[in-house]
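Q: Generate a structure from the sequence data that follows.
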Amino acid sequence: MTAPSDDTQEGPAPEGRLDEAIGRLLTLLASPEMAKWRVRMAIAFGLTVLAKFFSVGAPVLFGEGVNVLTRAATDGTLSTLAWWSFGGAFLAYGLARFAGTAAPQARDALFAPVSNDAQRLVAVQGFAHVQSLSLRYHQMKRTGAVNRIIDRGANAVDFLLRFLVFNILPALVELTLAAIVAAVIYNWIFSVVIVIAVLAYAVVTGVMTEWRVKLRRRMNEADTEVNARSVDTLSNFETVKAFAAEQREVDRYNASKTRYADAAAASQQSLAGLNAAQAAIMNGGLLAVALLGGVLAIRGELEPGDIAALTLMLMNVYQPLNILGWAYREIKQATVDLERLFQMLRLRPEVADIPDAPALEVSGAEVRYEDVSFSHEGRERSVADLSLTIEPGSFVGFCGPSGAGKSTLLRLLYRFFDPDSGRILIDGQDISRVSQVSLRDALGLVPQEVVLFNDTLWENVLYGRPGATEADVMDAIERARLKSFVDGLPAGMQTRVGERGLRLSGGEKQRVGVARAILKNPPILILDEATSALDSHTEAEVQAALAEAARGRTTIAVAHRLSTIAGADQIHVLEEGALVESGRHEELLAAGGLYASMWRRQADQSDTAPARVRALKV
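A: Residues are numbered from 1 along each chain as shown. Below you'll find the predicted structure:
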């Protein structure tokens, strides 16, 4: 049995390391796709640093203005020079303060396209990688949960870029400048107070945030579960209603939402405690500066304006620190979100192309299974040592009890899985040695349940061959027996089909699927229980469309309803993953084996069964 591949397991939730997140951001910014923004990024960063110089200088100018007024009032000599001196100092303070606040706004406007483009790149990278993962991954993952991982990861890129580059680093620059200015102009003791206050703030914030991150992670996991539960239920509402399970789903959603509410409450309560601790440190630092400044002013070592300048300077340092406290918590979570996305990006497809895999070249469309064995996870055997050849241009049917391995053979042909042993060849080419894109381009599928996109009929048919002309599309519509249906629609081919095609009947969806296959014009057509869910009248219409689609190409049909393959060139009967019978319809009936037994049971269940016998062979 094949061991689970990397793309079936994502592992435990990551811790999220800041150094790794920074490395990923630097790699992103250095990528060729971001080269066009580098000049803009440099200017934005320069504006940020320049703003911090103005922020530190503004309190000094304000303090000097107060000192001029104080001296003049004390001397009783409010001269013209004094008026100009304090007026100029206050004017310079106002301009510096304006520059300190205006520069970041200009920076944000300049950086907005960069941030959004970075988000786009990461989101597209995540979306493309999920598309490349194998079928097993998509069968095991909830769509809503995958969407949340991609969205959160992309948003984390924007957040980390803005706060690491334009808030955290500039805050450190401002702290360094403030400490230097305080020591040089006023007294070294104020530098010590400023640094101690900031360090205490950072330590308390870091310790408490580490505790809060665990609570936040639990809240996010609960949020993901709520979203996944909602998407899962709403996407399958027909099943919910069919089983009268509305209240059951509401109860399950309520249980998920309750877990989220409890986790969110704990997170908010921890936030209140952290804010209180931060406020105590901030006010303690301001009080220390005021008291020390007062003592030194009494001694004559400082002037009143100097105390005002120091107070304003410390408040300016605290302002980004206050944001830093919130940003640190969010940065920690953003690193977790980003690492979760990159953890998903590290998954490798279970089924992958070999390096420089050539394209499949189809000449006659012969399909051959050679000693193929395969087991789904959790099953003993799905297909066992199966060998058979499907001749070019023939119509071949597969049948057998449920779980016999019929659909598995088709999935192996599509290379959604690789065999545990043996190989599958198309025109002598091992499909594991050619590119998956070229392989699937050669195959056309009409499944039992045709799933359509929530778009127009035109776009859903055109999905088979996007470059097709209008004449090609309308020809496919005509051959799929859809023309009269389309003509009866007010919007014609521009009619929207609804989510998963739910505005169409089963037969209409099947014929859209047939039209799509006809438009694709593949050399090999696969019919996977294409009419088993239809009533007899609708089946007749779809059968006629399928006969048109099968004309001139190798056709492989898996059928539960044996009447749909009774006219096949060859019928293969499977049981427990093994090929037990092969032959034409009449030969298998005469043999009196499993096929004959299945045919009799179906005939007994419906008196009209023999009347529905029709061949797809044309």
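Q: now G567, what's its secondary structure?
A: coil (DSSP: H, G, I helix; E, B strand; the rest coil).
Q: got any ranges where the stretch 201-350 of the chain has weak pLDDT?
A: For the stretch 201-350 of the chain, the stretches flagged by pLDDT under 70 are 322-326, 329.
Q: For the nearest residue to I390 once chain neighbours are set aside, list the residues it contacts.
A: Leaving aside its sequence neighbours, I390 sits nearest to V367 (Cβ to Cβ, 6 or more residues apart in numbering; 4.1 Å). Heads up, the C-betas are built off the backbone N, CA and C, glycines and all. The contact partners of V367, taken as Cβ atoms under 8 Å, 6 or more residues apart in numbering, are 389-390, 413, 424-426, 524, 554, 556.
Q: residue ranges for the strands of the stretch 251-400 of the chain, please.
A: Along the stretch 251-400 of the chain, counting by DSSP state E, counting those that start in this stretch, strands occupy 367-374, 383-390, 395-399.
Q: Check the average confidence over stretch 446-465, would you?
A: Averaged over stretch 446-465, pLDDT sits at 84.
Q: mind listing what's buried in that stretch?
A: Residues 446-448, 450, 452, 456-462, 464-465 are the ones in stretch 446-465 that count as buried (16 or more other Cβ atoms under 10 Å).
Q: any idea which of the residues you listed is the one closest to A123?
A: Minimum distance to A123 across the buried residues of stretch 446-465 is 22.7 Å, recorded for E459 (Cβ to Cβ).
Q: Check the contact between the closest one and F453; I expect there is one.
A: Yes: if you go by Cβ atoms under 8 Å, E459 and F453 touch, sitting 6.9 Å apart.
Q: Tell me how this structure divides into domains.
A: Domains of the chain are assigned by automatic domain parsing as 16-345, 364-442+526-535+556-618, 445-521.
Q: Of the contacts of V367, keep whichever come out buried.
A: The neighbour count (16+ other Cβ under 10 Å) marks 390, 413, 424-426, 524, 554, 556 as buried among these.
Q: and E370, how many neighbours does it have?
A: Here the number of neighbours of E370 (other Cβ atoms under 10 Å) works out to 16.
Q: That one against R423, yeah?
A: Yes: with contacts counted by Cβ under 8 Å, E370 reaches R423, the gap being 5.3 Å.
Q: among the buried ones among the contacts of V367, which are in helices?
A: Counting by DSSP state H, the part of the buried ones among the contacts of V367 found in helices is L413.
Q: where does the protein have low pLDDT?
A: Per-residue confidence for the chain (pLDDT under 70) gives these ranges: 1-16, 72-84, 134-145, 322-326, 329, 377-381, 500, 531-539, 541-542, 605-618.
Q: buried residues in stretch 223-240?
A: Of all the residues in stretch 223-240, those buried under the rule 16+ other Cβ under 10 Å are 223-229, 231-233, 240.
Q: Turn these into JSON lines, columns for distance to G397.
A: Formatted as JSON lines, the buried residues of stretch 223-240 follow (distance: Cβ to Cβ, whole Å):
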{"residue": "D223", "distance to G397": "49"}
{"residue": "T224", "distance to G397": "44"}
{"residue": "E225", "distance to G397": "44"}
{"residue": "V226", "distance to G397": "46"}
{"residue": "N227", "distance to G397": "43"}
{"residue": "A228", "distance to G397": "39"}
{"residue": "R229", "distance to G397": "41"}
{"residue": "V231", "distance to G397": "37"}
{"residue": "D232", "distance to G397": "35"}
{"residue": "T233", "distance to G397": "37"}
{"residue": "V240", "distance to G397": "35"}
